[in-house]
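# Build me a model:
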Amino acid sequence: MPRKIKSLRSQLQLLEEQCQRDVVDQLTVSTRNKTRTDLNLLLQQEELYRRQCSRVSWLKDGDRNTKFFHASASRRQPINSISRLKDDTGAWVENESSLDTLAQQYFFTLFTSSQPGSITQVIQHVNRVVSQDMNDYLLQDFTVEDVHNALMQMFPTKATGLDGMTAQFFQRYWHIVGTDVSTTCLNCVRTDNILKSINYTHITLVPKVDNPKSLSQYRPISLCNVIYKIVSKMLTNMLKWVLPRIIFESQSAFVPGRHITDNVLIAFEMLHYMKTKRRGLSTHMVAKLDMSKTYDKVEWPYLRAIMLQLGFNQTWVNLIMACVSSVSYSVLMNGYPSGLVSPTRGIRQGDPLSPYLFLICAEGLSSLLWKAKQDRHLHGLVISRGFRDLQFFNQALLAKQGWRILTSLDTLLHKVLKCKYFPNCSFMEATIPSHSSYTWWSIAQSRDIIRHDSRWCIGDGTRVKIWQDIWIRGTTSGLVIMAPSHLPPDANVATLIDHDSHYWKDNLIDFLFMPSEAALIKSIPLPSSASNDLLIWRKTTMGQLMAKLAYHFLWEEQANLPSIPSSSSSTRLRLFWKSLWAVHVPNKIKTFVWRVCSNILPTLMNLWKKEIVATVSCYLCGDEAEIDVMDSALTNLPSPDIEMVVTLAWLIWKTRNELCVESTEFLLGGGLPLHSCGMFQPVSAIPTEKRGQMCYGSGLGSSRH
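So this is what the prediction gives:
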């Protein structure tokens, strides 16, 4: 393929030069066009080949078919190639056939059962925890929908199996191959008959260290084909539902609802306790258990026995064991398969089932440790039960305390802290001096949680700062955008209220703010009698910050886990970005919209905030403040309209820059050009009746730019 591409490029260059230099006939033009088409087709095929072989996700997000990408792929080739290895005696093996033989012998030994005879002693203390309801759930009949869901959960471009097909092919052409794929997968799970043809696997060797010298320093990764992975994923989806109910709570990896960092934090706290312990005669020690080749040495009789001991139904166990025992391997040595290994033990790295089966196997060790503790052969360090993340819970409690200081002004705690730390300002504006106590430092750090979802309800306006606090309704940020001009920056909302009539000062508001902001301010209802400003936390119906909800907020924001059902902001955000990157517009327009939504576009308002410019007046109309606003149209409009909206926004920004930098003339009623420097072709396909909307009319010219 590289030679063909090079040859076609040379031909195309000669034809292009000939067309520019001479008067050419129709045949030459046709030849040039055909050569260009053939070259583009080859480049697409090469890019697809590189995508399948590279095993990198950034191809779709970063460089396309470039020299940088080829150099990166070429650099990895000598790193992954195997030129020589040491055998069991320490002698170097360099011959290609000898390396193949060495690999076959190594993996034959690794995957051959040791015929264990003490399984009963290990599993006799394992409790039966799988209930009849769990077994009924696991044994319910699989459907075509289960097959489809399992396929769609797979990453589209993971490394291929023996058939050379990625999951992307089956996902994209499900309407064609779906019936056959579903029939095959359902036959496998309904008859406990996993065909050896779909479970024949290549093993690729991934180095665990730099410059590996022996096969033990490679990690064997199984490249299962897509059909088997669908079957395995279907079983995994069922098994994950019962795992939290049967796995010891000390095991946190791969169990839904648990997180591996839980054990990291617990281990750190235990080590810290042992290190700082000063009292008592008892001492403690830590034993680090390093289990080598744990996946590869799982004995199949033990796996079957412990699943039955836990209470799994015999039918389910037979189905799992069919997936495990029907496998056969060939080892990829420098990209070429060699030999055939039929294992009698081990579970594969690369099989979706393997992590969960290993958790079940580890229950034997957990039960032995628990039995030794009960018999007082082991005396473990006693720790308290707590939340999944003690740090988040601590921050939530501190935020609750900060909320009380902020809202309960008559409490003794507020009076003491105000006298000491913020005598001339509010709690939210207080500083943290170097000599402050750890208590004050901790409570003050919690103010970010309070700020995130709090908003002021206006009473007399004395506690609310116009340009610093969140109090405007009907906007996402709740902040005033118009820069302070005739009032000091720290002016409070009381300045805008006529306290005799309890109405807004309409003339002053119209003078200070943009019409849109002025309308929002005047729409805020005021109490008929004097009352204090009230701070509310919007995540609760009562407006009070609760430690429980603050904890969920921290977990969602910082640990990137789902929040409580009432909050779906993270889901909406993911859907928003997904819809944006799926729009068929040039990448520069997508980047522009991303900058707008991230509030990093160099508008005059953003530049004014950084003290780079002295005015925020729009270049086009000269009246309104120049800001960037992208409404919910990106998530609510159909795809063609989204393309028109984002392209129009980019054209507005481009025209604005030309007006600012090049001092070009622009008439508000004259409309915008419908091309974007030759890059945006879909705009030309917009219906004529919609093109008339792509201009500055009264709607855009008089609103925010």
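# For the rest of this, base every contact and every neighbour count on C-alpha atoms.
Noted.
# so residue 248 touches residue 364, yeah?
No - contact between residue 248 and residue 364 fails when scored by Cα atoms under 8 Å: they sit 10.4 Å apart.
# which one's the longest strand in this protein?
Taking DSSP state E as the criterion, the chain has its longest strand at strand 200-207.
# what helices or strands is that one leaning on?
Judged by 3 or more Cα pairs under 8 Å, 6 or more residues apart in numbering; DSSP states H and E, strand 200-207 is in contact with strand 218-223, strand 328-333.
# Break down this protein into its strands, ranges please.
Secondary structure of the chain by DSSP E: the strands cover 85-86, 92-93, 200-207, 218-223, 328-333, 336-341, 454-457, 497-498, 503-504, 534-537.
# Neighbouring strands - and their directions - for the first one?
If I follow you right, that is strand 85-86. Sheet pairing of strand 85-86 (DSSP bridges) gives strand 92-93 (antiparallel).
# Now for the closest residue to residue 250 other than its chain neighbours: which residues touch it?
In this structure, residue 250 finds its nearest non-sequential neighbour in residue 263, 7.6 Å apart by Cα to Cα, 6 or more residues apart in numbering. By Cα atoms under 8 Å, 6 or more residues apart in numbering, the contact set of residue 263 is 250, 251, 252.
# Is it possible to get TSV of those residues that adds distance to residue 17 and pLDDT?
Shown next, in TSV, are these (distance: Cα to Cα, whole Å; pLDDT from 0 to 100):
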residue	distance to residue 17	pLDDT
250	72	77
251	69	80
252	66	78
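# so, if you compare those residues, which one comes nearest to residue 370?
residue 250 (10.9 Å; Cα to Cα).
# give me the number of residues near the closest one?
Residue neighbour count, defined by other Cα atoms under 10 Å, stands at 10 for residue 250.
# same thing with residue 548?
Neighbours of residue 548 using other Cα under 10 Å come to 13.
# which one is it nearest to, not counting chain neighbours?
Among residues not flanking residue 548 along the chain, residue 396 sits closest, at 7.3 Å (Cα to Cα, 6+ apart).
# I figured residue 539 hits residue 453, correct?
Yes - at 6.9 Å, residue 539 counts as touching residue 453 under the criterion of Cα under 8 Å.
# Tell me how far residue 347 lies from residue 247.
Residue 347 sits 19 Å away from residue 247, going by Cα to Cα, to the nearest Å.
# which of those two has more neighbours?
When neighbours are counted by other Cα under 10 Å, residue 347 and residue 247 differ, and residue 347 comes out ahead with 27 against 18.
# Number of residues surrounding residue 293?
Using other Cα under 10 Å, residue 293 has 13 neighbouring residues.
# ok, now how distant is it from residue 594?
As judged by Cα to Cα, residue 293 and residue 594 stand 45 Å apart.
# returning to what we had before: closest one to residue 644 among the strands of the chain?
In terms of Cα to Cα, the element of those nearest to residue 644 is strand 454-457, at 35.0 Å.
# and that closest one, what does it pack onto?
For strand 454-457, the packing partners by 3+ Cα pairs under 8 Å, 6+ apart come out as strand 534-537.
# looking only at pLDDT, what's the mean for the strand it packs on?
What strand 534-537 shows for mean pLDDT is 80.
# Identify all contacting residues around it.
Strand 534-537 has contacts (Cα under 8 Å, 6+ apart) with 407, 450, 453, 454, 455, 456, 457, 458, 459, 543, 544, 545.
# Try it again at 7 Å.
For strand 534-537, contacts defined as Cα atoms under 7 Å, 6 or more residues apart in numbering pick out 453, 454, 455, 456, 457, 458, 459, 543, 544, 545.
# can you redo the residues you listed as TSV with neighbour count, distance to residue 553 and pLDDT?
Below are these laid out as TSV (neighbours: other Cα atoms under 10 Å; distance: Cα to Cα, whole Å; pLDDT from 0 to 100):
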residue	neighbour count	distance to residue 553	pLDDT
453	17	10	75
454	20	13	80
455	22	16	82
456	20	20	82
457	20	22	85
458	22	26	85
459	22	28	85
543	14	15	76
544	17	14	79
545	25	11	80
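# Switch those over to CSV; also include distance to residue 309.
Converted to CSV, those look like this (distance: Cα to Cα, whole Å):
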residue, distance to residue 309
453, 50
454, 53
455, 56
456, 59
457, 61
458, 64
459, 66
543, 51
544, 50
545, 47
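# give me every residue that touches residue 264.
Per Cα under 7 Å, 6+ apart, neighbours of residue 264: none.
# How about residue 590?
If you count contacts by Cα under 7 Å, 6+ apart, then residue 590 has residue 581 around it.
# for the stretch 351-500 of the chain, what spans make up the helices?
Along the stretch 351-500 of the chain, counting by DSSP state H, counting those that start in this stretch, helices occupy 354-374, 390-407, 412-421, 438-445, 447-452.
# my bad, should have said the stretch 1-150 of the chain
2-21, 26-54, 67-80, 96-110, 119-123, 132-138, 144-152.
# Format those helices as JSON lines; extra columns: mean neighbour count.
Output for those, formatted as JSON lines (neighbours: other Cα atoms under 10 Å):
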{"stretch": "helix 2-21", "mean neighbour count": "14"}
{"stretch": "helix 26-54", "mean neighbour count": "15"}
{"stretch": "helix 67-80", "mean neighbour count": "12"}
{"stretch": "helix 96-110", "mean neighbour count": "17"}
{"stretch": "helix 119-123", "mean neighbour count": "15"}
{"stretch": "helix 132-138", "mean neighbour count": "14"}
{"stretch": "helix 144-152", "mean neighbour count": "17"}
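# Nearest approach to residue 332 belongs to which of the ones you listed?
helix 96-110 (9.0 Å).
# Any idea how far apart the tips of stretch 124-143 sit?
Using Cα to Cα, one end of stretch 124-143 lies 36 Å from the other.
# any idea of the mean pLDDT in that stretch?
Here stretch 124-143 scores 90 as its mean pLDDT.
# Same check on stretch 6-16?
On average, stretch 6-16 scores 85.
# number of nearby residues for residue 289?
Here the number of neighbours of residue 289 (other Cα under 10 Å) works out to 6.
# So which residues make contact with stretch 17-36?
Stretch 17-36 is contacted by residues 8, 12, 15 when judged by Cα under 7 Å, 6+ apart.
# quick check, nearest of those residues to residue 237?
Nearest to residue 237 among the contacts of stretch 17-36: residue 8, at 49.1 Å, using Cα to Cα.
# contacting residues for the closest one?
Taking Cα under 7 Å, 6+ apart as the contact definition, residue 8 lies against 35, 39.
# Return the distance of it relative to residue 196.
Distance of residue 8 to residue 196, computed by Cα to Cα: 44 Å.
# same check, this time on residue 340
13 Å.
# Tell me which of residue 248 and residue 364 has more neighbours.
Using other Cα under 10 Å as the criterion, residue 248 and residue 364 rank with residue 364 on top: 22 against 15.
# which residues touch that one?
Counting by Cα under 7 Å, 6+ apart, residue 364 has contacts 122, 123, 126.
# Next, format these as a markdown table and append distance to residue 235.
Formatted as a markdown table, the contacts of residue 364 follow (distance: Cα to Cα, whole Å):
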| residue | distance to residue 235 |
| --- | --- |
| 122 | 26 |
| 123 | 24 |
| 126 | 23 |
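# hang on, the earlier thing: what's the local residue count around the residue nearest to residue 548?
Neighbours of residue 396 under the rule other Cα under 10 Å: 25.
# So for it, what's the pLDDT?
pLDDT, residue 396: 83.
# thought it was touching residue 546?
No - with contact defined as Cα atoms under 7 Å, residue 396 and residue 546 do not form a contacting pair (8.1 Å).
# Can you give the contact residues for stretch 91-110?
Residues from elsewhere that reach stretch 91-110 (Cα under 7 Å, 6+ apart): 83, 84, 85, 86, 87, 296, 333, 338, 339, 341.
# if I look at the fifth one, how far off is residue 94?
In this structure, residue 87 and residue 94 are 10 Å apart, going by Cα to Cα.
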